[in-house]
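> pasting a predicted model and its sequence here:
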Amino acid sequence: MEKKYYWIKLPVNFFDTDEIKYLSTFENGYLMIYIYQNLIMKSVKNNGNLSINNKPMDIKTISILLGIPDKQYEIEQCINILIDLGLVKKNNKGIYNMIKIAEMIGSETIWAQYKRNERKKNNNVDNVKTMSKKNPIDKDKKIDVDEELDKKLDEIYNNIR
């Protein structure tokens with residue numbers, strides 16, 4: 001299976017959103033913001049779900065996953081607030097889901113990364129090549145689908161007569 005890379009796209013105004021500003025009002029608000037961002041990172045490969053083999057994680061497991069096992073109370077408090085804010089949802093299986101993950105993630109395969117780097121190396125960033133080493137395409141061949149279809153239909157019709 002081809003390796004895939006993911007990244008998080010945070011909006012420029014991420015720290016100015018009402019939800020993040022609200023989290024920062026708590027005594028441990030910056031820890032909560034860190035927890036939220038870390039939960040997003042840990043759920044990227046799972047379509048926003050915090051689960052192991054499609055099984056829900058408890059707070060202790062989440063705290064170990066986040067690397068802060070001594071902050072279980074803060075994590076539970078943060079998740080409950082994130083649920084209230086509509087940033088996290090707990091499904092009927094007990095799995096936490098990061099609601100806005102779809103608009104925050106990007107990904108690419110190794111092949112896409114290779115092609116991007118190759119274009120950058122060749123100064124062709126703005127000029128995307130139409131041919132690929134792996135999937136060559138005959139760029140000079142133009143097919144008018146309607147014209148081709150009409151010819152085939154005429155041929156079939158004439159053979160029926």
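Sure thing, it's come through.
> what's the nearest residue to residue 8 if we skip its chain neighbours?
residue 104 (5.5 Å; C-beta to C-beta, 6 or more residues apart in numbering). C-betas here are computed from N, CA, C, even on glycine.
> oops, could you answer that again for residue 33 instead?
Leaving aside its chain neighbours, residue 33 sits nearest to residue 23 (5.3 Å; criterion: C-beta to C-beta, 6+ apart).
> can you read off the pLDDT for the residue nearest to residue 8?
At residue 104, the model reports a pLDDT of 78.
> same question, residue 146
60.
> residue 99 too?
At residue 99, pLDDT is 90.
> using the three-state scheme, assign residue 6.
The assignment at residue 6 comes out as strand when based on DSSP: H, G, I helix; E, B strand; the rest coil.
> try residue 79
Following three-state DSSP, we place residue 79 in the helix state.
> tell me the phi and psi of the residue nearest to the spatial centre of the chain?
In the chain, the C-alpha nearest the mean C-alpha coordinate belongs to residue 105, at 3.2 Å (C-alpha atoms, centre = their mean). Phi and psi for residue 105, reported as degrees, to the nearest 10, are phi -110, psi 150.
> got the angle for the helix or strand harbouring residue 34 vs strand 4-8?
Element membership for residue 34, per DSSP states H and E: helix 29-43. Orientation check (axes from the mean of the first three to the mean of the last three C-alpha atoms, to 10 degrees): helix 29-43 against strand 4-8 gives 160 degrees.
> so residue 51 makes contact with residue 95?
Yes - the pair formed by residue 51 and residue 95 meets the contact definition of C-beta atoms under 8 Å, at 4.6 Å.
> mind listing the shared neighbours of those two?
residue 57 (C-beta atoms under 8 Å, 6 or more residues apart in numbering).
> quick check: which ranges of this structure have low pLDDT?
Residues of the chain meeting the criterion pLDDT under 70: 1-2, 107-108, 124-150, 152-153, 156-157, 160-161.
> go with 80
Residues of the chain meeting the criterion pLDDT under 80: 1-7, 102-117, 122-161.
> which residues of it fall in helices?
The residue ranges that make up the helices of the chain, judged by DSSP state H, are 18-24, 29-43, 59-66, 72-85, 110-121, 145-160.
> and residue 99, which of these is closest to it?
Closest to residue 99 of the helices of the chain is helix 72-85 (C-beta to C-beta; 8.8 Å).
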